[in-house]
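S.K.: Whatever this is, show me its structure:
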Amino acid sequence: MPYYNTAQRRSYCVYRRGVQKTNTQKHPTTAQGFGSVGVFIFSCVVLTGILYLFTANDVAIKGGEIYTIEQEIKELSRENEQLTIQEAQLRSLENIENVVKDKGMEEVSDPVYIDKETYVALDGAM
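M.R.: Residues are numbered from 1 along each chain as shown. Sure thing, here's the model as predicted:
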């Protein structure tokens, strides 16, 4: 037995044979011109990947800079240690005695001290 669909229009009936219910679902569209959700997700993944690459590159560059600065710190620390040792050698009593002998200085046996009450420049003014 065939399927009959009766549709009423205005004041009369129309009989149709073999008419089935049709699907009239519209295709969903997204905002801002994206044709489908897949394109939007793909573009988000690509942008995230690009952002990750730039971030990783920046971290690598800064890591190299940190390494060179650490090497400079080590070198300056070694130089500082050498200068500290050299300073201690120059301040030693033995080095001072050698400089005194090289300059031809002599030890004073009877030093003369100046009193506070002796006014050499002001003797005639008072």
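
S.K.: which residues in the chain form helices?
M.R.: Taking DSSP state H as the criterion, the chain carries its helices at 37-91, 93-103.

S.K.: These: which one's closest to Y113?
M.R.: Evaluated over the helices of the chain, closeness to Y113 peaks at helix 93-103, with 21.2 Å, by CB to CB. Every residue, glycine included, has its C-beta placed from N, CA and C.

S.K.: Low-confidence ranges, the chain, go.
M.R.: 1-35, 118-126 (pLDDT under 70).

S.K.: The helices of the chain into CSV, with extra columns for mean neighbour count and distance to D115?
M.R.: Formatted as CSV, those follow (neighbours: other CB atoms under 10 Å; distance: least, CB to CB, whole Å):
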stretch, mean neighbour count, distance to D115
helix 37-91, 10, 33
helix 93-103, 10, 28
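
S.K.: Could you dump those into CSV and include distance to D110?
M.R.: Formatted as CSV, these follow (distance: least, CB to CB, whole Å):
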stretch, distance to D110
helix 37-91, 29
helix 93-103, 18
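
S.K.: out of the ones you listed, which comes closest to P111?
M.R.: The nearest among the helices of the chain, by CB to CB, is helix 93-103 at 15.9 Å.

S.K.: neighbouring contacts of the closest one?
M.R.: Q89 (CB atoms under 8 Å, 6 or more residues apart in numbering).

S.K.: What of stretch 53-67?
M.R.: Contacts of stretch 53-67 (CB under 8 Å, 6+ apart): none.
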